[in-house]
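1. can't give you the sequence, but here's the structure:
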Ligand code: TZP
């Protein structure tokens, strides 16, 4: 897996009317090295078209493209990997479909999920929501930074924090031992995406 410490998660509904390709280009220009394509409400055909457009930009900047959940789409377009929800395909099944070289990331919501991702040889785990975030209130209270730190100390898999991550939180996330952060709104909603990404990368 190419190293990255900032994972940009797409959400076209949160991009202030701007095309995702523009956002990803600006992020690439700033030095962001990984993007998770997550437009899961769209029909697969539209996801594919959008992912291909993003892939063209990502390749210009050497960014890895991870497809949310859809192993078939990852294979179809030759993306670098998939990001599996915790209740998605088992990692071993995805690995069999993808072969040894593709990256497999997993969304985790508790220590047990991360331990499982680790034992099943996922390439990285994303744990959250760590802070309050409107899109995830259905999952109950955020896990909090102390929980994140405890999970970090109990595991060795590359571990990213997600959920309500704002720039002001990065210092404590890094101190808690995170390998990086995954973000939607802090980047998608930025007035100047490139400058915002540079500032976040500096903090990391
Ligand atoms: N998984 C856990 S929280 C979350 C995801 C995809 C949403 C993150 O969005 P934001 O805007 O960075 O809080």
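-> All right, it came through fine. Keep in mind that this is a model prediction, so the values were computed, not measured.

2. is it true that residue 181 touches residue 170?
-> Yes: when contacts are counted by Cβ atoms under 8 Å, residue 181 is listed as touching residue 170 (6.6 Å). Bear in mind the C-beta positions are built from the backbone N, C-alpha and C, glycine included.

3. for the two, list the residues in contact with both.
-> Residues within reach of residue 181 and of residue 170 at once, by Cβ atoms under 8 Å, 6 or more residues apart in numbering, are 200, 204.

4. and this structure, which of its residues are near the ligand?
-> By Cβ under 6 Å from any ligand atom, the residues of the chain that approach the ligand are 9, 107, 128-129, 133, 135-136, 162-165, 183-186.

5. so which of those are in helices?
-> 185, 186 (DSSP state H).

6. farthest-separated two in the residues of the chain next to the ligand?
-> Comparing every pair within the residues of the chain next to the ligand by Cβ to Cβ identifies 107 and 186 as the most remote, at 17.8 Å.

7. tell me the confidence at residue 79?
-> Looking at residue 79, its pLDDT stands at 98.

8. nope, residue 138 is what I meant
-> At residue 138, pLDDT is 65.

9. again, but for residue 86
-> 87.

10. so who does it touch?
-> Residue 86 sits in contact with 106, 107, 108, 109, 113, where contact means Cβ under 8 Å, 6+ apart.

11. out of everything not next to it in sequence, what's closest to the first one?
-> Meaning residue 106. Leaving aside its sequence neighbours, residue 106 sits nearest to residue 117 (Cβ to Cβ, 6 or more residues apart in numbering; 4.2 Å).

12. part of a helix, is that neighbour?
-> Yes: Residue 117: assigned to a helix according to DSSP: H, G, I helix; E, B strand; the rest coil.

13. isn't it up against residue 109?
-> No: look at residue 117 against residue 109 with Cβ under 8 Å: they stay out of range, at 11.2 Å.

14. of those two, give the one with the bigger neighbour count.
-> residue 117 (26 against 20; other Cβ atoms under 10 Å).

15. which pLDDT does the model give the more buried one?
-> 97.

16. show me where this protein dips below the pLDDT cut-off.
-> 137-140 (pLDDT under 70).

17. report the longest helix in it, please.
-> Ranking each helix of the chain by length (DSSP H) puts helix 44-60 first.

18. what helices and strands are in contact with the helix or strand just after that helix?
-> Scanning forward in sequence from helix 44-60 by DSSP states H and E, the next helix or strand is strand 64-68. For strand 64-68, the helices and strands in contact under the criterion 3 or more Cβ pairs under 8 Å, 6 or more residues apart in numbering; DSSP states H and E are strand 34-37, helix 44-60, helix 71-77, strand 81-84, strand 103-108.
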